[in-house]
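>>> Pasting a predicted model and its sequence here:
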Amino acid sequence: MAMPNASATRVSALMTAPTESFRKVTGLTSLSGRSRLEQVRTHGYSTRSGPLRVTYLPANDMPANDMNEVAVAYVVPKSVGSAVVRNRVRRRLKAILQDLAHSDELAPGGYIVGAFQSLEDFSHSQLSNLVEKAFKSVTKLVKIR
């Protein structure tokens with residue numbers, strides 16, 4: 001005897017999940033718009049960790065409507081590899097940043113994360129350590145100044 005509506009209930013619950021609550025869980029939004037990107041790039045604090053560069057502009061230096069969000073843009077130039085490789089790099093970085101956002105290790109503000117070589121040789125834990133090191137050093141740089 002088949003269970004009616006068992007899978008239909010699961011699917012409908014997934015489909016009706018509000019996107020706003022998803023945003024609150026991940027804590028990440030996209031840093032988009034030419035003016036916002038330019039503001040972070042020109043006025044932000046930057047540091048390198050291996051093949052990564054992280055630029056950060058604290059939330060209090062961002063426009064008023066961005067005070068409580070963590071906005072991230074990813075820069076992966078064509079020199080890294082084909083579109084498949086660049087997208088894989090972007091997805092790996094995004095997954096690591098979502099883990100950091102869940103653990104509340106990201107300060108509110110705008111971030112530009114750039115990868116300037118292929119990250120295929122790095123394991124997930126190695127890449128995660130590089131990203132954490134870069135984010136900690138750039139936020140420490142802001143606190144010093």
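Sure thing, it's come through.
>>> and the gap between the residue lying closest to Lys133 once chain neighbours are set aside and Pro58?
By the measure of C-beta to C-beta, 6 or more residues apart in numbering, the closest residue to Lys133 outside its immediate chain neighbours is Ser49, 4.7 Å from it. C-beta here means a position set from N, CA and C on the backbone, and glycine is covered the same way. For Ser49, the distance to Pro58 (C-beta to C-beta, to the nearest Å) stands at 19 Å.
>>> can you check Val138 too?
From Val138 over to Pro58 (counting by C-beta to C-beta), the distance is 10 Å.
>>> More neighbours: which of those two?
In this view Val138 and Pro58 are compared by other C-beta atoms under 10 Å, and Val138 has more residues nearby, 22 against 17.
>>> contacting residues for the more buried one?
The contact partners of Val138, taken as C-beta atoms under 8 Å, 6 or more residues apart in numbering, are 45-47, 54-56.
>>> Distance of it relative to Thr47?
4 Å.
>>> do the same with Gln126
18 Å.
>>> Following the chain past the helix or strand containing Arg91, name the next helix or strand.
Assigned by DSSP states H and E, Arg91 belongs to helix 83-102. Reading on from helix 83-102 to the C-terminus, the next helix or strand found by DSSP H and E is strand 109-115.
>>> Just the C-alpha atoms of that next one, please, in CSV.
Taking C-alpha atoms only, strand 109-115 is exported to CSV below (Å, rounded to 0.1, in the frame of the first residue of the first chain):
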residue,chain,number,x,y,z
GLY,A,109,30.1,44.7,5.1
GLY,A,110,31.2,44.2,1.5
TYR,A,111,33.8,41.7,0.4
ILE,A,112,35.5,41.1,-3.0
VAL,A,113,37.1,37.6,-3.1
GLY,A,114,39.5,37.1,-6.0
ALA,A,115,41.3,33.9,-7.0
